[in-house]
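Chemist: quick one, structure for this:
(one chain, ligands or ions: 1)
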Amino acid sequence: MSLISKGLRNYTVLSSLTRDVCSKFLNRRMIATGTANTNAKSPKSTLKLSILGVGLGALVGTGYSIHQLNKPRGHILNEQTTIPMLNEIEIPKITPSKKIRTVGDQSGLKLTLYQYQTCPFCCKVRAFLDYYGISYDVIEVDPVLRQAIKWSPYKKVPILLAKVNEGYQPLNDSSMIISALSSYLQDSDKELHEVVKYYPYITFMGEGGVVKSEIMNRYFLMLDQRENSSRTVDEIKEERQWRKWTDSVLVHMLSPNVYRTREEALQAFSWFSDVGEWEQHFPAWERYLMIYVGAFAMWMIGKRLKKRHNLKDDVRQSLYDECNYFAKAVRLKGTPFMGGNEPNLADLAVYGVLNSIEGCYAFKDLLNNSNIKTWYYSMKDVVQNHRGSAFA
Ligand SMILES: N[C@@H](CCC(=O)N[C@@H](CS)C(=O)NCC(=O)O)C(=O)O
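Modeler: Here you go, the predicted model:
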């Protein structure tokens, strides 16, 4: 699901590629036809012309390459920019798909989550908000057209929009959202928009001249010595390490497993449609497009991702191995959670990511073939019952 729109866009690329190949083929035919129609030339002059053409081509090509190589390149396009605050007029009024309200929410936060229901990064954010008993509105974004986030220069979900005194503060990137909110909840002296300044983004030129943005410090909590004193430096580092592992390793196990076969991909998309209530939010043609084209595209992309992230031939085994790796680390602690008797942000991140595939065949297999089940259901219990509201 996370890659649906990418998948659909790849489709466009694929069809334009096909068009490209076709037009090249047609051009070649036209040239061939053209040659046949022109006056016949002697083989000698044709040879001379060809050599001249190749020579000229090589010269121009070399010159162009040298020019490209010597062209000054600005790798970093801007440094350290804070996500700007927006005013009322800049945010389109959209009726929330859902309003999640938790009795006794003391956070004082007014939040709207722009999301795809089964995107692992969005599930991570929801796991955090639900565990801490923070109320929020949900706006389900159409992964194909993404109209609901047109106002945002950041084009991914989740985006969390916080209503603050001065306007609306967007928070981008799941890990940044969680770190910023967690820091804010623990440090009552700072306003949310002040906390956001600790998570600037830089824009740089990535591979192939693609402009990319990176949120800085996203795994770091911004707390002073006083607030941090309840945990050791090692505990804080460990939490950070497992959060990074969730985003850089665990999450890459999902697509190749969920879209392992065409049937599994279709089953996954039907489940996405159910839990994302696509029937309510999108017209039938768009829903069917998302389900059928999405499932087919993701089945194809899943194979590529399997290679890119070095999953085993039996992709399930890679999923089991990674989950067992985490479960073993928890077991060695001798406590129910990585965070001890209460979950920490690492527990919430792993739970959120696995929760995003709960209705898929891969998830059933995972519970039956790995050691993650006990921890997973303990997490589900504390998240659903907002057990963290006491700490918020
Ligand atoms: N690092 C980001 C990754 C977010 C992300 O990749 N989200 C996907 C959906 S799961 C997305 O919006 N992709 C762009 C798209 O769908 O066009 C985070 O942790 O929030």
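
Chemist: isn't there a strand covering residue 171?
Modeler: Yes. Under DSSP: H, G, I helix; E, B strand; the rest coil, residue 171 falls within a strand.

Chemist: beta-bridge partners for it, please?
Modeler: Residue 171 has these beta-bridge partners by DSSP bridges: residue 160.

Chemist: residues from the stretch 151-300 of the chain in reach of the ligand?
Modeler: With Cβ under 6 Å from any ligand atom as the criterion, the stretch 151-300 of the chain comes near the ligand at residues 156, 157, 158, 173, 174, 175. In short, each C-beta sits where N, CA and C put it, glycine included.

Chemist: so who does residue 312 touch?
Modeler: Contacts for residue 312 were tallied using Cβ atoms under 8 Å, 6 or more residues apart in numbering; they are 318, 321.

Chemist: try 6 Å this time
Modeler: Residues in contact with residue 312, defined by Cβ atoms under 6 Å, 6 or more residues apart in numbering, are residue 318.

Chemist: which residues of the chain score low on pLDDT?
Modeler: By pLDDT under 70, the low-scoring segments of the chain are 1-76, 79-80, 225-228, 392.

Chemist: the strands in it, which residues?
Modeler: Listed in chain order, the strands found in the chain under DSSP state E are 76-81, 98-100, 111-115, 136-140, 159-164, 167-172, 201-205, 211-215.

Chemist: tell me which of these sits most buried.
Modeler: Compared across those, strand 111-115 shows the largest average neighbour count, a mean of 24 (mean count of other Cβ atoms under 10 Å).

Chemist: what residues does that one touch?
Modeler: 122, 136-139, 141, 149, 157-162.

Chemist: cool, and stretch 123-139?
Modeler: Counting by Cβ under 6 Å, 6+ apart, 94, 96-102, 105, 107, 109, 111-114, 148, 158, 174, 177-178, 348-349, 351-352, 355-356, 383, 386, 388-389, 392 sit against stretch 123-139.

Chemist: that stretch vs the ligand: in contact?
Modeler: No. Between stretch 123-139 and the ligand, judged by Cβ under 6 Å from any ligand atom, nothing touches; the nearest distance is 7.3 Å.

Chemist: first-to-last residue distance for that stretch?
Modeler: Stretch 123-139 stretches 14 Å from its first residue to its last (Cα to Cα, to the nearest Å).

Chemist: OK, contacts around the nearest residue to residue 253 once chain neighbours are set aside?
Modeler: Excluding its sequence neighbours, the residue lying closest to residue 253 (Cβ to Cβ, 6 or more residues apart in numbering) is residue 319, at 4.4 Å. For residue 319, the contacting residues are 253, 257, 366, by Cβ under 6 Å, 6+ apart.

Chemist: just give me the closest of these to the ligand.
Modeler: Taking Cβ to the nearest ligand atom as the measure, the ligand sits nearest to residue 253 out of the contacts of residue 319, at 14.3 Å.

Chemist: how deep is that closest one tucked in, by neighbour count?
Modeler: Under the neighbour criterion other Cβ atoms under 10 Å, residue 253 is assigned a count of 26.

Chemist: check residue 290 too.
Modeler: For residue 290, the tally of surrounding residues (other Cβ under 10 Å) stands at 24.

Chemist: next: the one 3 residues further on.
Modeler: Under the neighbour criterion other Cβ under 10 Å, residue 293 is assigned a count of 16.

Chemist: can you show me the helices along the stretch 101-250 of the chain?
Modeler: With DSSP state H, counting those that start in this stretch as the criterion, the stretch 101-250 of the chain has helices at 120-131, 174-186, 192-196, 225-228, 233-248.
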